[in-house]
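>>> My questions are about this predicted structure, shown below with the sequence.
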Amino acid sequence: MIICFASVICAVAEERGKNFTGQADYYFSLDNGSLINEGVENIRKGDNDNAQMALSVVVKRYMQNPDDSDGKGYAIQAYYNLGILHSTHMLDYNKAYRYLKTALKIAEEDSNIYRLAYIHTALANLYSA
């Protein structure tokens, strides 16, 4: 299931009157680990647009090469964090659910027990919201 592309995020940001072209270029220049860190830090700061943009770059890279084992791990983290962003900051529970279910699907394919545990916890928290 494809949920988000960086170009969609840029379009949404432009509708809000912001110019994210330079920021998008910056994010595309970063490696996946740095993008995850940027996304998490932006979530902590309440900068939802930049958090979504940084994490969406990781998702886009994964969709372009879904067989990359390192890319899978980063994609799981990106989808998970997008789920957290939408459930706790943007209060869009449907999107949060879709992001978390996508993270769960990739983690199940990857047989990553640790990531499965925290994704299931996030889904449980979402159900209790």
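Sure, I can see it. None of the values given here were measured: they were computed from a predicted structure.

>>> wait, doesn't residue 95 sit right on residue 84?
No - with contact defined as Cβ atoms under 8 Å, residue 95 does not reach residue 84; the gap is 11.3 Å. All C-beta atoms are positioned from the backbone trio N, CA, C, and that covers glycine.

>>> of the two, who's got more company?
residue 84 (23 against 17; other Cβ atoms under 10 Å).

>>> Now that one: which helix or strand?
In the assignment (DSSP states H and E), residue 84 maps to helix 69-84.

>>> Enumerate the positions of that helix that are buried.
By neighbour count on 16 or more other Cβ atoms under 10 Å, the buried set for helix 69-84 is 71-84.

>>> Residues in contact with that helix: which ones?
Contact with helix 69-84 is made by 3-4, 32-33, 35-36, 39-40, 43, 51-52, 55-56, 58-59, 61-62, 65-66, 95-97, 99-100, 102-103, 106-107, 109-110, 112, 115, 118-119, 122, 126, as judged by Cβ atoms under 8 Å, 6 or more residues apart in numbering.

>>> Now that helix: average pLDDT?
The average of the pLDDT scores along helix 69-84 is 95.

>>> Show me which residues of the following helix or strand past it are buried.
Later in the chain than helix 69-84, the nearest helix or strand by DSSP H and E is helix 93-110. Under the neighbour-count criterion of 16+ other Cβ under 10 Å, helix 93-110 has 95, 96, 97, 98, 99, 100, 101, 102, 103, 104, 106, 107 buried.

>>> And for residue 64, the neighbour number?
9.

>>> do the same with residue 47
Residue 47 has 16 neighbouring residues, counting by other Cβ under 10 Å.

>>> Tell me how far it lies from residue 23.
For residue 47, the distance to residue 23 equals 10 Å [Cβ to Cβ, to the nearest Å].

>>> do the same with residue 110
Distance from residue 110 to residue 23, by Cβ to Cβ: 30 Å.

>>> Distance of the nearest residue to residue 99 once chain neighbours are set aside relative to residue 125?
Once flanking residues are discounted, residue 99 sits nearest to residue 83: 3.7 Å by Cβ to Cβ, 6 or more residues apart in numbering. Per Cβ to Cβ, residue 83 is found 10 Å from residue 125.
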